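S.K.: sequence and predicted model, in that order:
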Amino acid sequence: MLIGLLDCNNFYVSCERLFNPRLLNRPVVVLSNNDGCVIARSNEAKALNIPMGAPYFEIRLFLQRVGGVAVSSNYALYGDLSDRVMHIVRSLVPQIDVYSIDEAFFDADVKDPLLFAGTLKETVLKQTGIPVSVGIGRTKTLAKAANKCAKKSGGFHFLTQSDEADLLQQFPVEDLWGIGHRWTLLLKSLNCKTALDLRDADDAWIRKHLGIVGLRVASELRGVCCFPLKDGRPLKGTIATSRMFGRATESLDDILESVSAYSSKAAEKLRKEGLLASCISVCLVYHPFRAGARALRVVLPEPTDFTPALIAASRQAVKTLYKAGRSYRKAGIVLEGLVPKSLFQQDLFHSGAPDLERRKRAMQAIDAVNKSFGKESLVFASEGLDKKWSMRQSLRSNRFTTRWDEILKVKI
């Protein structure tokens, strides 16, 4: 069996460039929440040695001098474009294993792997505008190595069994999938510097120093599949939503609005996944961070995906946690005890079946409106309107694909 890996190139930056051609061939960085630090870079920015995690205030003037651009993170845009890319891949392969927002493994057992890799790359680019790299090998680890090679050789690469040794001999051990910083230091101290060194090492030696996980990585380098493709998406254990405030706040109303908004977003994710939540945890973080945090877990009367019920529970938790006069920097909620809706058995003595049906229809109507007219077209009043607590995104581009009021305008 052959396994392929599709990886979107500089994904966040590519999404920004798709709707703003002025960013092409310029150093571009994407900033974290509240425009704090760098979380993504274009190749031009990497060439200038702008590091990941660099605080924006430290590089702002330098970026301006070199003609670079910084943009706020736009997760609504990135998430939607990721869904489009994965939909195309899913339509072309028999099996897909989505690894992250910009990566997916897939079944590449086809007649001509190299031709298929090139076709997949061009199809995604043509239909979404997002440049990708495609690597194919006998295992996930070898597909990862092939993908790194693809980024330097036209965007696609098929690593044949006969070519594996030559590639792995030139492949630094620190670039291997599954080898972190701590293991890199250990392996180099033991004179294991390349992927080929690790592949050819004795199993007992590998297990002694790296354990069973390291042995699996080495086995993958030998063509033995230890990380098979997963069928479908695994059930989520929790659903979390949290954000830093744009500014520290002492206002109970601000915190209540934020937690209501987070509960609403989490409930929408619940329904999309076909799950129900049995309990909800709420956390408030003091300002500054070293001052600590408080959290409270609320067990719901029965598992639910009904937004008003989740909002009511989270707001009650906030009122219990809140202390007047304290300054708060962040709030968040976590939905726990998730169960598939199809397996939920209602309480025998519960007499609210008609009410449950009305709730279901109400949520379906709200989700349908927001899907048709853009996210947050319909919101609950408890989420607030001004949202002064929202995180800073002064450099954010429009949410071109999910908001009608922010759709791209073309002047002719």
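M.R.: Yes, it's here.
S.K.: neighbours of A309, how many?
M.R.: Residues near A309, counting by other CB atoms under 10 Å, number 18. (Glycine included, C-beta is placed from N, CA and C.)
S.K.: M1 too?
M.R.: Neighbour count of M1, defined by other CB under 10 Å: 10.
S.K.: begin at 292, not 1, for the rest of this chat.
M.R.: That works, and once the first residue is 292, the last one we named lands at M292.
S.K.: right, and it touches F396 too?
M.R.: No: contact between M292 and F396 fails when scored by CB atoms under 8 Å: they sit 11.6 Å apart.
S.K.: tell me who's in contact with F518.
M.R.: Shown in contact with F518 (CB atoms under 8 Å, 6 or more residues apart in numbering): 430-432, 507, 511.
S.K.: save those as JSON lines, and put in neighbour count too.
M.R.: Output for the contacts of F518, formatted as JSON lines (neighbours: other CB atoms under 10 Å):
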{"residue": "T430", "neighbour count": "25"}
{"residue": "K431", "neighbour count": "23"}
{"residue": "T432", "neighbour count": "29"}
{"residue": "R507", "neighbour count": "19"}
{"residue": "E511", "neighbour count": "26"}
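S.K.: out of the residues you listed, which comes closest to P342?
M.R.: Nearest to P342 out of the contacts of F518 is T432 (CB to CB; 26.5 Å).
S.K.: I figured that closest one was touching E511, is that so?
M.R.: Yes: with contacts counted by CB under 8 Å, T432 reaches E511, the gap being 3.6 Å.
S.K.: pLDDT below threshold where in the stretch 292-441 of the chain?
M.R.: Within the stretch 292-441 of the chain, not a single segment meets pLDDT under 70.
S.K.: all strands for it, in order.
M.R.: 294-299, 319-322, 329-332, 360-363, 387-391, 394-398, 423-428 (DSSP state E, counting those that start in this stretch).
S.K.: out of those, nearest to L561?
M.R.: strand 387-391 (19.1 Å).
S.K.: neighbouring strands for the closest one, and are they parallel or not?
M.R.: Paired strands of strand 387-391, with direction, are strand 394-398 (antiparallel) (DSSP bridges).
S.K.: the strand it pairs with relative to strand 294-299, how many degrees between them?
M.R.: 150 degrees (axes from the mean of the first three to the mean of the last three CA atoms, to 10 degrees).
S.K.: in strand 394-398, what's buried?
M.R.: Going by neighbour count (16 or more other CB atoms under 10 Å), the buried part of strand 394-398 is 394-397.
S.K.: any chance of the residues you listed in a markdown table with distance to L372 as columns?
M.R.: Shown next, in a markdown table, are those (distance: CB to CB, whole Å):
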| residue | distance to L372 |
| --- | --- |
| E394 | 14 |
| A395 | 14 |
| F396 | 19 |
| F397 | 18 |
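S.K.: circling back to that earlier point, and of the contacts of F518, the nearest to L315?
M.R.: Of all these, L315 sits closest to K431, with 32.4 Å by CB to CB.
S.K.: the closest residue to that closest one other than its chain neighbours and A408, how far apart?
M.R.: In space, and not counting its chain neighbours, K431 is closest to F518: 4.7 Å by CB to CB, 6 or more residues apart in numbering. F518 sits 20 Å away from A408, going by CB to CB, to the nearest Å.
S.K.: likewise for R687?
M.R.: 34 Å.
S.K.: next one: Y366
M.R.: 29 Å.
S.K.: neighbour-wise, which of the two wins?
M.R.: A408 (27 against 14).
S.K.: close enough to count as contact, that one and L296?
M.R.: No: with contact defined as CB under 8 Å, A408 does not reach L296; the gap is 10.0 Å.
S.K.: quick check: neighbours shared by those two?
M.R.: In contact with both A408 and L296: 425-427, using CB under 8 Å, 6+ apart.
S.K.: of these, just say which sits nearest to I387.
M.R.: Nearest member of the shared contacts of A408 and L296 to I387, counting by CB to CB, is V425, at 12.9 Å.
S.K.: quick check: the closest one touching L297?
M.R.: Yes: with contact defined as CB under 8 Å, V425 reaches L297; the gap is 5.3 Å.
S.K.: now for those two: what residues contact both?
M.R.: 411-412.
S.K.: neighbours of the residue lying closest to F671 once chain neighbours are set aside, just the number please.
M.R.: Computed as CB to CB, 6+ apart, the closest residue to F671 that is not its neighbour in sequence is S555, at 5.8 Å. Neighbourhood size, S555 [other CB under 10 Å]: 22.
S.K.: residues contacting S555?
M.R.: 598, 601-602, 670-671, 674.
S.K.: cool, V376 as well?
M.R.: When contacts are counted by CB under 8 Å, 6+ apart, V376 touches 297, 299, 393, 415, 419, 421, 423.
S.K.: and the fourth one, how many residues sit next to it?
M.R.: Burial of V415, expressed as a neighbour count using other CB under 10 Å, amounts to 22.
S.K.: was I right about it contacting S424?
M.R.: No: look at V415 against S424 with CB under 8 Å: they stay out of range, at 10.3 Å.
S.K.: residues that sit against both of these two, list them.
M.R.: With CB under 8 Å, 6+ apart as the test, V415 and S424 both reach L297.
S.K.: and V590, what does it touch?
M.R.: Contacts for V590 (CB under 8 Å, 6+ apart) come out as 569-570.
S.K.: list the beta-bridge partners for it.
M.R.: C570.
S.K.: with I530 instead?
M.R.: Under the criterion used (DSSP bridges), I530 bridges to L626.
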